[in-house]
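1. Sequence and predicted structure, then a few things I'm wondering about:
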Number of protein chains: 2
Amino acid sequence: MKAVVVEKGESRPTVRDVPDPTPEPGEALLRTLRVGIDGTDHEVIRGNHGGYPPGDDYQILGHEAVAVVEDANGTELEEGELVVPTVRRPPGETNDYFERDEPDMAPEGLYVERGIVGAHGYMSEFFTSPSEFLVPVPDEFAEHGFLVEPISNTEKALEHAFAARSAFEWDPTSALVLGNGPLGLLTLAALQTPSLPFERTYCLGRRDRPDPTIDVVERLGSTYVDSRETPVDEIPGAHEAVDFVYEATGYAKHAFETVDALAPNGVGALLGIPNDWEFEVDGGRLHRELVLENKALFGSVNSNVRQFEAAKKRFTEFPDWFADALVTGVYSLSEVDAAFETGDDVIKTAVEFDTP
Amino acid sequence: MKAVVVEKGESRPTVRDVPDPTPEPGEALLRTLRVGIDGTDHEVIRGNHGGYPPGDDYQILGHEAVAVVEDANGTELEEGELVVPTVRRPPGETNDYFERDEPDMAPEGLYVERGIVGAHGYMSEFFTSPSEFLVPVPDEFAEHGFLVEPISNTEKALEHAFAARSAFEWDPTSALVLGNGPLGLLTLAALQTPSLPFERTYCLGRRDRPDPTIDVVERLGSTYVDSRETPVDEIPGAHEAVDFVYEATGYAKHAFETVDALAPNGVGALLGIPNDWEFEVDGGRLHRELVLENKALFGSVNSNVRQFEAAKKRFTEFPDWFADALVTGVYSLSEVDAAFETGDDVIKTAVEFDTP
């Protein structure tokens, strides 16, 4: 079958033939519909990942997929049903984190990540997976179901944020998303859904108008903040101190400036993954602000089945126009280079393998 | 009546006559037994507080007290009953934070603090308080009940720490206290109680043996870590990465090093209050570690009645010898200068006004 891979020593994706997968007992065979592309895929392509799948000199890309059950293979799934796969798998032997359905909390060494590190991804015509890592989704998810994975990361961050503030009566009304990339915009859409309490949201970027991401921000009813005019730590003065900050840039200074952007009792979720970077901070002031204003910060990575389920639900609350505005391109296997191109007109792209 | 005060323009405590207090409706009159001294009192004495009580040119010190109900004044309290007062009071008008019994979460401007900022403390022969801010304690608390207030700060931090990790199955077994002052040692004693899950604890200080605080650390069954030999970020290598860090030093670099000391999924509570201090950090690495290892940090200040109740319970779990070892001096009004002296042989002191 055909797969989109990065070959060892290469730094761009290519299409190659790989062996057809055969499901083991407990696994289903899936026919891939679409696979989304995000920043992590670009990191993998640049070689910034932990290792190729054992025995292979190529890595099949992709961790955001929607697929059809081709062969249920005795699992509880039904053939023809749509599913979204989770990302983490046990590294050979299983462990407590997987057994309690919390692989997202497993420390390094206790997981591999499909399409990212140590295991092949979903950018192939077929793939196999244990059924416990496949989340059934309704037929309407055929087109944009690959967005469930990134939304699930936001669901985890929201779960942890509300948990972190659950020892007292927290009534957040304002939220700030740092970053207007696909994850930032998906999070902004989530924060604007009626089941969350945020009345005013802000999204930080560094783009000039006209810009499709600013259009999405404003169409969602949110306020665009240009970081070149209003740095993160000046947002309280220019707009308001916010109850929740979601950092989706990986720009390390934002983690520290988040403390300044937060209102008393607020919480900041860090999701970006920066490289080493030394810089000066007023550590005394930041420490003091955290204490005297009861502020919290946490990091969040990956997501589990419960959070995929929450993401499914959240996705149905998004405005109808949103996914079409976010997904600026869907490409066939013959257009893979175009699928991985970035640019000011590109928000989110996907590779299409098949239709239901 | 006599009170221990800091006079405007002075920078040491003195004893002076102040008017006898008269309870308003809803308030009880309390006869003070003992009042503990902590680092905040020294800050107040140095003038680092927000302001004298309205209309007065002196501040009665003290926020850690145990007292007897002298006149219940129609409240639900009983005369002769022992109580411990909480610290925060409404700044004139009440507000939502007080109405929901969470004054500890009130932002600046929405509270005064008795003995600290904007309201007189408890270092006087008598004081008054609305009964809702008085926590009844058993008669056995006459001697050391003034420790309930500092322990309640730890109870709040523990509540928030467990809350912050409640979105997943967190099974902490190790904890590190930064600081071997009174709050650090009280916290260490709390962490060692059987109702908490910590099996191995560490306490960081910078003292040479023989030293009474190191003796307390070791008698509690904890491991003393000399920060001059093992900096905070080297504790994982020298001992182990820990699930919980409690920062009680106000040394701002510790807030950042805490991220390194934590095990994956761990949480750090910051309680010290540093001054401004700019320094360099590897912000990229810290940010990345928070994210990839699902770590959390939060600040915590003050405590509410629920946490005072938890502190009462916690205190009864402490080993019998602990309070006597911690409280190295109890001084009468005529020895106030000695009560405020610090030194290597001093851990915690109190001023005694009366006995039950």
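-> Yep, that arrived.

2. from the stretch 1-150 of chain A, which residue is nearest to chain B?
-> Across the stretch 1-150 of chain A, no residue is closer to chain B than residue A:107, which sits at 3.8 Å (Cβ to the nearest Cβ). C-beta coordinates here come from the backbone N, C-alpha and C atoms, glycine included.

3. That residue contacts residue B:266, doesn't it?
-> No - taking contact to mean Cβ atoms under 8 Å, the distance of 10.4 Å between residue A:107 and residue B:266 leaves them out of contact.

4. Tell me the residues that contact both of those two, please.
-> Taking Cβ atoms under 8 Å, 6 or more residues apart in numbering or on different chains as the contact criterion, the common neighbours of residue A:107 and residue B:266 are residue B:293.

5. So between those two, which is more surrounded?
-> Set side by side, residue A:107 and residue B:266 show more neighbours around residue B:266, with 26 against 15, by other Cβ atoms under 10 Å in any protein chain shown.

6. and that one, what does it touch?
-> Under the criterion of Cβ under 8 Å, 6+ apart, the contact list for residue B:266 reads B:172, B:241-245, B:293, B:295-296.

7. Which one of these sits in the busiest neighbourhood?
-> Counting neighbours by other Cβ under 10 Å, residue B:245 comes out on top of these with 31 neighbours.

8. wait, doesn't that one sit right on residue B:172?
-> No - in this structure residue B:245 lies outside contact range of residue B:172 using Cβ under 8 Å: 10.7 Å.

9. What parts of the stretch 51-200 of chain A come near chain B?
-> Applying Cβ under 8 Å from any Cβ of the partner chain, one finds that the stretch 51-200 of chain A approaches chain B through A:100, A:102, A:104-105, A:107-108, A:156, A:159-160, A:162-169.

10. one more time with 7 Å, if that's ok
-> By Cβ under 7 Å from any Cβ of the partner chain, the part of the stretch 51-200 of chain A that sits against chain B consists of A:100, A:102, A:105, A:107, A:159-160, A:163-164, A:166-169.

11. Now, of those, which are buried?
-> A:102, A:105, A:159-160, A:163-164, A:166-168 (16 or more other Cβ atoms under 10 Å in any protein chain shown).

12. So which of those belong to helices?
-> When helices are assigned by DSSP state H, the members of those inside them are A:159-160, A:163-164.

13. Quick check, pLDDT for residue A:51.
-> pLDDT, residue A:51: 79.

14. Nearest residue to it in space, please, no chain neighbours.
-> Of all residues not flanking residue A:51 in the chain, residue A:118 sits nearest, at 5.5 Å (Cβ to Cβ, 6 or more residues apart in numbering or on different chains).

15. Dig out what that neighbour forms beta bridges with.
-> Beta-bridge partners recorded for residue A:118 (DSSP bridges): residue A:113.

16. Would you mind giving me the confidence score for the residue nearest the centre of chain A?
-> Against the mean C-alpha coordinate of chain A, by Cα atoms, centre = their mean, the closest residue is residue A:150 at 2.8 Å. The score at residue A:150 is 98. That number is its pLDDT.

17. How about residues contacting the helix or strand hosting it?
-> Secondary-structure assignment from DSSP states H and E places residue A:150 in helix A:148-164. For helix A:148-164, the surrounding residues in contact (Cβ atoms under 7 Å, 6 or more residues apart in numbering or on different chains) are A:38, A:63-64, A:84, A:87, A:104, A:137, A:182-183, A:186-187, A:190, A:244, A:246, A:267, A:269, A:271, A:296, A:298, A:300, A:303, A:307-308, A:310-312, A:314-315, B:163-164, B:166-167, B:296, B:298.

18. where's the first helix or strand past it going along the chain relative to the chain centroid, distance-wise?
-> Elements were assigned by DSSP H and E; along the chain past helix A:148-164, the next helix or strand is strand A:174-178. Strand A:174-178 sits 17 Å away from the centroid of its parent chain (Cα atoms, centre = their mean, to the nearest Å).
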